[in-house]
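Q: Test case, fold it:
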Amino acid sequence: METAYQSAEFILRYVVEFSTLGLEFFGICILVYTALKCFFRWLKKDMSIRLDLAEGIALALEFKLGGEVLRTVVVREWSELGILGAIIALRAALTLLIHWEIKNEENRCRE
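A: Residues are numbered from 1 along each chain as shown. Okay, here's the model as predicted:
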């Protein structure tokens, strides 16, 4: 029974770590793609890039936040959980601020 538990724990840790890396990789890809797209639009003197850039950053942060939440599954010590909680709180705050910025930018564009 102990061997089955250790095997299941090993498989769970492997799946969570792989999934976390995948989510963080997607977040990085989205951020880099958005930044490059907006940079080239900026070079063409298109000044309506703020909204697209903010939306891309928000989406990338949500993928990264998903990876951090998933990582809480395999945390073993309270100190790790505290650090992870702080990272999640910071990323959630950044996401909320960016969504607030998106709403303000959308209202500004409508006017």
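Q: for the chain, longest helix please?
A: The single longest helix within the chain, with elements called by DSSP state H, is helix 2-43.
Q: and the next element down the chain from that one?
A: Once the chain leaves helix 2-43, the next helix or strand it forms, by DSSP states H and E, is helix 50-71.
Q: Which SSE is immediately downstream of that following helix?
A: helix 78-110.
Q: so that next one versus helix 50-71, what angle?
A: Counting by axes from the mean of the first three to the mean of the last three Cα atoms, to 10 degrees, helix 78-110 points 160 degrees away from the direction of helix 50-71.
Q: helices and strands around helix 78-110, which ones?
A: helix 50-71 (3 or more Cβ pairs under 8 Å, 6 or more residues apart in numbering; DSSP states H and E). Heads up, the C-betas are built off the backbone N, CA and C, glycines and all.
Q: Can you give me the buried ones in the helix it packs on?
A: 51-68, 70-71 (16 or more other Cβ atoms under 10 Å).
Q: just to revisit the earlier point, by contact count, what packs against the longest helix of the chain?
A: Looks like helix 2-43 contacts helix 50-71 (3+ Cβ pairs under 8 Å, 6+ apart).
Q: helices or strands up against the helix it packs on?
A: helix 2-43, helix 78-110.
Q: In terms of mean pLDDT, which of the ones you listed ranks lowest?
A: Lowest mean pLDDT within those: helix 78-110, a mean of 86.
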